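**Q** A predicted structure for the sequence below; I have some questions about it.
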Amino acid sequence: MSIKNIRKEVMQTLEKNIDSFVDKFLIPAEKIWQPTDFLPNSQKDTFISEVEEIRELSKELHDDFWVVLVGDTITEEALPTYESWLLDLDGVNQDPDNGWARWVRTWTSEENRHGDVLNKYLYLSGRVNMREVEISTQHLIADGFDIGTSTDPYKNFVYTTFQELATYVSHNNVAKIARKKGHKALAKMSKIIAGDEMRHHQAYAHFVKEIFKIDPSEMMLAFQHMMKYKIVMPALHLRESFGAKGSLFDDFSAVAQRVGVYTGFDYVDILQKLNTMWEIDKIINLTPEAEKARDYLMKLPDRMYRITERIVIPDTKFEFKWMLPA
């Protein structure tokens, strides 16, 4: 049997528990928070004064902070790309009876709220050029991106496990910065978004752990493949109007690191957490090739940490079209 067919069988095995996965890791629309819970109510007489308060508080946050928040918002809003890629995995299809498709759509519906609330908040802040933000969002969706996983669910679940934890870190750090500046509403909003991301991270981490039980060697090789070639962040393809694809990433990454929202050390820490969570040092019945992959993964965090220590973050003032002129 081909590797592709084996993966389909494993996905079909896990699919038998999809209802329990949905119930455990996702929340019904009627019970979960919605964007309007965090935004000024346009039906109230206090609407204008609440908007004015947001605009005043927003003046206290540095341009670098807003650049990072814009990047986070745009990547959250590129959901059509993420959903279409997950619906193309081996073992997933658009059949109404396919449990994995139900998972993907329900997960997408939860994620969709993040971009909605952040976009509206950026608009109300008065700190950014929303037209340029919208152009970048349209580019990111239209361009798409290749995360190096093809239709392999094992590699894709490693990616989503890592990416969801990375977005948790980013939104959680935004919340800390906003709270220090007295921006309580933005801090609360970012904190609860981070909570969603952590819950989704735990779901995909659970899927990988279950695959390790059924097909340990191939899962180990998939994990090693993803970490060897590094996790490609959606922000890699951020661009502005008439900009070249990916031209913003280096500048955006530098800003995110010097603000302390997402750093190279966070990347290494996530990798270490995955090694520990999946207990890869204890997995048995591995092929010789998978044993080598395990050795590589066990040594990788220390190696990457040493490399990260040598990275110098520039203090250059970058020009982003997203930001309004001073």
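**A** Nice, thanks for sending it over.
**Q** quick one: mean pLDDT for stretch 64-72?
**A** The pLDDT scores in stretch 64-72 average 96.
**Q** er, stretch 164-172 actually
**A** Here the average pLDDT along stretch 164-172 is 97.
**Q** gap between the helix or strand harbouring V67 and the chain center?
**A** In this structure, V67 sits in helix 63-77 according to DSSP states H and E. Put simply, helix 63-77 sits 13 Å off its chain's centre (C-alpha atoms, centre = their mean, to the nearest Å).
**Q** helices or strands up against that helix?
**A** Judged by 3 or more C-beta pairs under 8 Å, 6 or more residues apart in numbering; DSSP states H and E, helix 63-77 is in contact with helix 99-125, helix 130-143, helix 153-180, helix 249-259. (Each C-beta comes from the backbone N, C-alpha and C, glycine too.)
**Q** go with 6 Å
**A** Using 3 or more C-beta pairs under 6 Å, 6 or more residues apart in numbering; DSSP states H and E as the contact test, the elements touching helix 63-77 are helix 99-125, helix 130-143, helix 249-259.
**Q** got the ones you listed as CSV, with mean neighbour count columns?
**A** Formatted as CSV, the entries for the helices and strands packed on helix 63-77 read as follows, by neighbours: other C-beta atoms under 10 Å:
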stretch, mean neighbour count
helix 99-125, 19
helix 130-143, 17
helix 249-259, 19
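**Q** just the pLDDT for L297.
**A** At L297 the predicted local distance difference test score is 98.
**Q** what's the distance between T137 and R113?
**A** Noted for T137: a distance of 16 Å to R113, by C-beta to C-beta, to the nearest Å.
**Q** kindly report the same for F65.
**A** As judged by C-beta to C-beta, F65 and R113 stand 22 Å apart.
**Q** same check on H183?
**A** If you measure H183 against R113 using C-beta to C-beta, the figure is 20 Å.
**Q** could you do K44 as well?
**A** Looking at K44 against R113, where the rule is C-beta to C-beta, the gap reads 21 Å.
**Q** next SSE downstream of the helix holding V67?
**A** Proceeding N to C from helix 63-77, the next assigned helix or strand is helix 79-86, under DSSP H and E.
**Q** report the angle between that following helix and helix 99-125.
**A** With axes from the mean of the first three to the mean of the last three C-alpha atoms, to 10 degrees defining the directions, helix 79-86 sits at 160 degrees from helix 99-125.
**Q** could you list the buried residues of helix 79-86?
**A** When burial is assessed from 16 or more other C-beta atoms under 10 Å, helix 79-86 yields the following buried residues: L79, T81, Y82, E83, W85, L86.
**Q** and stretch 88-99, by the same measure?
**A** Taking 16+ other C-beta under 10 Å as the criterion, stretch 88-99 shows L89, D90, G91, V92, N98, G99 as buried.
**Q** dump those to a markdown table, plus distance to S150 and pLDDT.
**A** Conversion of the buried residues of stretch 88-99 to a markdown table gives the following (distance: C-beta to C-beta, whole Å; pLDDT from 0 to 100):
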| residue | distance to S150 | pLDDT |
| --- | --- | --- |
| L89 | 9 | 94 |
| D90 | 9 | 93 |
| G91 | 13 | 93 |
| V92 | 13 | 93 |
| N98 | 19 | 91 |
| G99 | 22 | 95 |
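**Q** quick revisit: could I get the buried residues of helix 79-86 as a markdown table with pLDDT?
**A** Listed next are the buried residues of helix 79-86 as a markdown table, based on pLDDT from 0 to 100:
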| residue | pLDDT |
| --- | --- |
| L79 | 92 |
| T81 | 91 |
| Y82 | 92 |
| E83 | 93 |
| W85 | 91 |
| L86 | 93 |
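**Q** for those residues, which one is nearest I193?
**A** Distances from I193 to the buried residues of helix 79-86, taken as C-beta to C-beta, are shortest for L79 (13.7 Å).
**Q** how close does E134 get to S170?
**A** When distance is defined by C-beta to C-beta, E134 is 21 Å away from S170.
**Q** so where's the stretch 151-300 of the chain shaky on pLDDT?
**A** Confidence mapping of the stretch 151-300 of the chain against pLDDT under 70 gives the ranges 243-246.
**Q** repeat the analysis, applying 80 as the threshold.
**A** 243-247 (pLDDT under 80).
**Q** ok, now which ones touch R105?
**A** R105 makes no contacts at all, as judged by C-beta atoms under 6 Å, 6 or more residues apart in numbering.
**Q** check L57 too.
**A** With C-beta under 6 Å, 6+ apart as the criterion, the residues that contact L57 are H183.
**Q** now name the helix or strand holding it.
**A** In this structure, L57 is located in helix 47-58 according to DSSP H and E.
**Q** what about T287, how many residues nearby?
**A** In terms of burial, T287 registers 13 neighbours under the definition other C-beta atoms under 10 Å.
**Q** sweet, I'm off.
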